[in-house]
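Asker: fold the stuff below for me.
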Amino acid sequence: MLYDIRQTTSYSYQVPVRVVRQVLRMTPVDRAGHQHVIANMLDIEPEAAELERGLDFFGNGITWLTIDHPHDHLQITTRSRVEVTSTPLPDPIATPNVDEVRTACLDQPDLGPDAAVHGLFPSRGVPIDSDITDWSATSFRGDRPVLEAGLELMHRIKDEFVYQPGATIVTTAPHEAFAARTGVCQDFAQVMIAGLRGLGLPARYVSGYLRTIPPEGQPRLEGADATHAWVEIWCGPEAGWIGLDPTNAIPVGDDHIILAVGRDYADVSPVDGVIVSSGDHLLAVGVDVVPVTR
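Answerer: Numbers count the residues shown, from 1 in each chain. You can find the predicted model right below:
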């Protein structure tokens, strides 16, 4: 699949901002075996005094920007053309069992960006919670294939939680969304990650996009026209990281475009940093994901 993606993030400030120093994670990058970025453009209004682009530890596209003069608005627009190639899902029954994965993730010598160990321990946004662990454990018998168990947990979240925009905010903790059984894709992803890590299984957070227009005859996926979030579960050294989307109860395929990968939302926040000002602000985000006919 070939996509044209446009994301616009706009801030309107009640009081002019004197200085902004921001870190942006709004630029998709190549991901081996899944996506190739053909072109990308980034527009900042007002013009930045300093602008530097690079990659973080996890290989995410990062932009550091500084605006050092007073301004009452900030608009960040990114445009990308991305080619996505879906990878066939491994046979869930053929993946290692849960106990084998628990052991294997600790035996890996690699400490690079894709190492299983980075998804194993509690993080700022996803602490271990005993209630979530106990609830998840019913799917993860020790001798059960890990991907089969992960798919079941994904479906349980879809079946038992209510997708309700506005019910949570960006700082809602996983245990709060779990107790309410409601939230949005960020909440569902972090609940699933908390459950997996509580069971000693590596899991990581992925932010990205869903296609805006569904294939003919198929329902529109929840989370389109906005940034989306899902989970990757480590299924052993051969299968590696497998993407699962608990919001829609589907494995990740060519409907999903990866923006950033990390331990939780804090690692992939699209805009992060410091402003020097006072007063309130308004935030507006618009996303278009349009399939391109070849």
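Asker: for this protein, what spans make up the helices?
Answerer: 98-107, 130-137, 146-160, 174-180, 185-198, 265-268 (DSSP state H).
Asker: show me what the longest strand along the chain is packed against.
Answerer: For the chain, the strand reaching the highest residue count under DSSP state E is reported as strand 2-17. Under the contact criterion of 3 or more Cβ pairs under 8 Å, 6 or more residues apart in numbering; DSSP states H and E, strand 2-17 touches strand 71-84, strand 203-210, strand 271-276, strand 281-291. For glycine as for every other residue, the C-beta is placed from the backbone atoms N, C-alpha and C.
Asker: got the contact list for stretch 103-115?
Answerer: Residues outside stretch 103-115 that contact it (Cβ atoms under 8 Å, 6 or more residues apart in numbering) are 57-59, 96, 116-117, 120, 200-202, 234, 236-237, 240-241.
Asker: pull the most distant pair out of the residues you listed.
Answerer: Taking Cβ to Cβ, the two most distant members of the contacts of stretch 103-115 are Phe57 and Pro96; they sit 26.7 Å apart.
Asker: these two: which is more packed in?
Answerer: The residue with more neighbours, out of Phe57 and Pro96, is Pro96; 18 against 11, by other Cβ atoms under 10 Å.
Asker: residues near the nearest residue to the more buried one once chain neighbours are set aside, how many?
Answerer: Closest residue to Pro96 apart from its sequence neighbours, by Cβ to Cβ, 6 or more residues apart in numbering: Gly236 at 4.2 Å. As a burial measure, Gly236 scores 20 neighbours (other Cβ under 10 Å).
Asker: my guess is Gly236 meets Glu100, correct?
Answerer: Yes. Under the criterion of Cβ atoms under 8 Å, Gly236 makes contact with Glu100 at 6.9 Å.
Asker: give me the common contacts of these two.
Answerer: Contacts common to Gly236 and Glu100, judged by Cβ under 8 Å, 6+ apart, are Val146.
Asker: list the contacts for the residue nearest to Pro96?
Answerer: Under the contact definition (Cβ under 8 Å, 6+ apart), the residues listed for Gly236 are 95-96, 100-101, 104, 146.
Asker: how is this protein partitioned into domains?
Answerer: 2-84+270-291, 92-268 (automatic domain parsing).
Asker: let me know which of those is tucked in deepest.
Answerer: Among the domains of the chain, domain 92-268 has the highest mean neighbour count (mean count of other Cβ atoms under 10 Å), at a mean of 19.
Asker: figure out the length between the terminal residues of that domain.
Answerer: Length of domain 92-268, first residue to last, Cα to Cα, to the nearest Å: 28 Å.
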